[in-house]
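> fold the following and give me the result.
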Amino acid sequence: MDKFRSADFMINIKNIRDFSWQGKVEHLPSGQEQTFENFLELLFLMERKMEELGSPQEATEKRSWKK
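Numbering: from 1, shown residues only. The predicted structure is shown next:
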């Protein structure tokens, strides 16, 4: 079994400016890194990588709001 699942990320917050995070996110299985300037961009980068990999996968737990 691989050390990391395909949806594993490492988030490194370098700075907090104007109440927004700046830093980098690394996709652990591939080692690819991207910088981000705010939380929304971080979410977009992670979502894009997961879509690229065909997520959700069996190991991905999806949650939803209770009605």
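
> can we go C-alpha only for contacts and neighbour counts from here?
Will do.

> what about the strands in the chain?
9-17, 20-27, 32-36 (DSSP state E).

> deepest of the ones you listed, which one?
strand 20-27 (a mean of 18; mean count of other CA atoms under 10 Å).

> which strands border that strand, and is each parallel or antiparallel?
The pairing partners recorded for strand 20-27 under DSSP bridges are strand 9-17 (antiparallel), strand 32-36 (antiparallel).

> the shortest one: how far from the chain's middle?
Centre-to-centre, strand 32-36 and its host chain are 10 Å apart (CA atoms, centre = their mean, to the nearest Å).

> tell me the angle the helix or strand of the chain with the lowest mean pLDDT makes with strand 9-17.
Least confident helix or strand of the chain, by mean pLDDT, DSSP states H and E, is helix 39-52 with a mean of 92. Relative orientation of helix 39-52 and strand 9-17, computed by axes from the mean of the first three to the mean of the last three CA atoms, to 10 degrees: 160 degrees.

> mind listing residues that contact helix 39-52?
With contact meaning CA atoms under 8 Å, 6 or more residues apart in numbering, helix 39-52 is reached by 6, 7, 9, 20, 21, 22, 25, 34, 36, 56.

> the fifth one bridge partners, please.
Just to be clear, that refers to residue 21. According to DSSP bridges, the residues that bridge with residue 21 are residue 16.

> surely it meets residue 35?
No. With contacts counted by CA atoms under 8 Å, residue 21 stays clear of residue 35, the gap being 10.7 Å.

> please enumerate the shared neighbours of those two.
Counting by CA under 8 Å, 6+ apart, nothing touches both residue 21 and residue 35.

> sorry, back to before: could you dump the strands of the chain to TSV with mean pLDDT and distance to residue 65?
Written out in TSV, the entries for the strands of the chain read as follows (pLDDT from 0 to 100; distance: least, CA to CA, whole Å):
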stretch	mean pLDDT	distance to residue 65
strand 9-17	94	23
strand 20-27	95	25
strand 32-36	97	27
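
> look up how far residue 24 lies from residue 64.
Here residue 64 is placed at a distance of 27 Å from residue 24 (CA to CA, to the nearest Å).

> then residue 66?
32 Å.

> repeat that for residue 17.
Distance of residue 17 to residue 24, computed by CA to CA: 15 Å.
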